[in-house]
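S.K.: Pasting the sequence and the predicted model now:
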There are 2 protein chains.
Amino acid sequence: MYRVLIIEDDTDIASAVANQAKSWNLEVSCVSDFRNVLSEFCAFEPHLVLLDITLPFYNGYHWCQEIRNISKVPIIFLSSAADNMNIVMAMNLGADDFIAKPFDASVLMAKVMAMLRRSYDFGTNTTFLEHREAILDTAGQTLTFHHEKISLTKNEYRILFCLMQNKGKVVSREKLMQSLWETDCFVDDNTLTVNINRLRKKLEQSNLTDFIQTKVGVGYIIV
Amino acid sequence: MYRVLIIEDDTDIASAVANQAKSWNLEVSCVSDFRNVLSEFCAFEPHLVLLDITLPFYNGYHWCQEIRNISKVPIIFLSSAADNMNIVMAMNLGADDFIAKPFDASVLMAKVMAMLRRSYDFGTNTTFLEHREAILDTAGQTLTFHHEKISLTKNEYRILFCLMQNKGKVVSREKLMQSLWETDCFVDDNTLTVNINRLRKKLEQSNLTDFIQTKVGVGYIIV
DNA sequence: CAAATTTGTAAGAAAGTTGTGAAGAAAGAC
DNA sequence: GTCTTTCTTCACAACTTTCTTACAAATTTG
């Protein structure tokens, strides 16, 4: 359960936002002492901060900087002073987003959830191709099938990448040849067959049978 | 250098945004064929996507879903249809932000840079990197494993840092070379191999075996 | 400034990957 | 059915990439 810290002196807005957040299954805390925001921040250890600009004692920019000094937690400004200059300034101080007041509750929550997703759920931004419970990880150059990692050579990876990118479509031998070898490099036509063969064997060893189908005279396909 | 893909059919806006992004030292590509957005996406492998909603053939929501099927790349919508419903819908499809047209160039760039920072720089700039009970202390340049401190030389530390920053991803030899030596300094390609070798031996002395895996023809990876 | 540590280089060994040709099997045409 | 074409399989050799080792140069340390 994610924790959201609300730094907002208007108690009406604060409690409205808090209720919204709670209904989205978030744990919420509102700062009460605007002199000691940092200690409340440290005690609560939030996953996300909603921050107003106009606050008693110190303004939101100040607290944004203070928080950034000690944490990389996502910070979203909430303010009626949403002119371009303020937005740019907030971002430069390390903020992640700026939502203008008055805001729509559903938009606020959508942005909050998107930011939590981006910051915590999406670890690395790798591209992956999925098919029949087999996941091709483009960053690790491996195929994962039933939690088993199948390590691929460069050619094997390229074949799978090309086929999975075009899944459901027949990929001609020529197209595969092109994506495996440079155009000026002439290799035997059979070489592709052998590479496909080797890949198939490797997949069958992990019980991934009939993954690549042959369409005689046309090419290969993943269905 | 981060790559930004612009999916926008209004060429005036697209080139204006592209120029802005270039002046911020970003590499930019604009989609030209709105039937094959995915193949352009795969070819360019962007770090961030700027996406219009009204497009020929398929709309932006469609492409947002298609991209999310294969990637967790940050997606920012750019649209004049910025009513609450559309914003919420976009976020629910996996988008990260929604900027209303017409937008201020500085705001756009501030948001783009903030999103890149959030997605790629943060999380890596932690004070220590952890993996398989091994903790890399970036301050002391030591690796701690089962309460045993392994002191690292400068090169050993840099290799581990680069690999642990990209854990789960294959790091190419070139990238490692770049992070170990300045670009204008030419060292033998084999020197990297030797350094990796030395590091591995040191790790094995502390029973930390198979920490760095070789992906022949691709690079090295920590899994 | 001398000793210890770290780093770069070279050459050969080892490992892994890839290409080739020949023989056999399968599919489609007649 | 037979023929032709296309695809599969296999073993081997060639090749590329990576590893290992020893040594010398460079850097750091006391």
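M.R.: Thanks, I have the structure now.
S.K.: CA only for contacts and neighbour counts going forward, please
M.R.: Noted.
S.K.: Close to DNA strand D: what parts of chain A are there?
M.R.: Within chain A, the positions adjacent to DNA strand D are A:190, A:193-194, A:196-197, A:200, A:213-219 by Cα under 7 Å from any atom of the strand.
S.K.: Those in helices, which ones?
M.R.: A:190, A:193, A:194, A:196, A:197, A:200 (DSSP state H).
S.K.: Now neighbour count, pLDDT and distance to residue B:35 too, for these, in CSV please.
M.R.: Formatted as CSV, these follow (neighbours: other Cα atoms under 10 Å in any protein chain shown; pLDDT from 0 to 100; distance: Cα to Cα, whole Å):
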residue, neighbour count, pLDDT, distance to residue B:35
A:190, 9, 89, 33
A:193, 12, 93, 31
A:194, 11, 94, 34
A:196, 18, 94, 29
A:197, 14, 93, 33
A:200, 18, 93, 32
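S.K.: Let me know the closest of the residues of chain A next to DNA strand D to residue A:155.
M.R.: Nearest to residue A:155 out of the residues of chain A next to DNA strand D is residue A:196 (Cα to Cα; 9.1 Å).
S.K.: Quick one: end-to-end length of stretch A:155-174, please.
M.R.: Start-to-end span of stretch A:155-174 (Cα to Cα, to the nearest Å) is 15 Å.
S.K.: Could you say which helix or strand holds residue A:15?
M.R.: In this assignment (DSSP states H and E), residue A:15 forms part of helix A:11-23.
S.K.: quick one: buried residues of that helix?
M.R.: A:14, A:15, A:17, A:18, A:20, A:21 (16 or more other Cα atoms under 10 Å in any protein chain shown).
S.K.: repeat for stretch A:200-211
M.R.: Those would be A:200, A:202, A:203, A:208, A:211, for stretch A:200-211 by 16+ other Cα under 10 Å.
S.K.: need the contact list for the first one.
M.R.: It stands for residue A:200. Residues in contact with residue A:200 (Cα atoms under 8 Å, 6 or more residues apart in numbering or on different chains) are A:209, A:211, A:212.
S.K.: can you narrow those to ones near DNA strand C?
M.R.: Among the contacts of residue A:200, none lies close to DNA strand C by the criterion of Cα under 7 Å from any atom of the strand.
S.K.: what residue ranges in chain A score low on pLDDT?
M.R.: Residue ranges of chain A with pLDDT under 70: A:121-127, A:183-185.
S.K.: residues from it in reach of DNA strand C?
M.R.: A:152-156, A:181, A:186-192, A:194-195, A:216.
S.K.: Got the domain ranges for chain A?
M.R.: By the record's domain assignment, chain A is partitioned as A:3-121, A:128-221 (automatic domain parsing).
S.K.: Pick the most buried one from the ones you listed.
M.R.: With neighbours taken as mean count of other Cα atoms under 10 Å in any protein chain shown, those reach their highest mean count in domain A:3-121, at a mean of 18.
S.K.: which one of the residues of chain A next to DNA strand C sits closest to residue A:73?
M.R.: Closest to residue A:73, out of all of those and judged by Cα to Cα, is residue A:152, at 37.0 Å.
S.K.: For the closest residue to the closest one other than its chain neighbours, give its distance to residue B:169.
M.R.: Using Cα to Cα, 6 or more residues apart in numbering or on different chains and skipping the chain neighbours, the partner closest in space to residue A:152 is residue A:142 (5.6 Å). Separation of residue A:142 from residue B:169 (Cα to Cα): 10 Å.
S.K.: Return the backbone torsion pair for residue A:52.
M.R.: Dihedral pair for residue A:52: phi -80, psi 160, per degrees, to the nearest 10.
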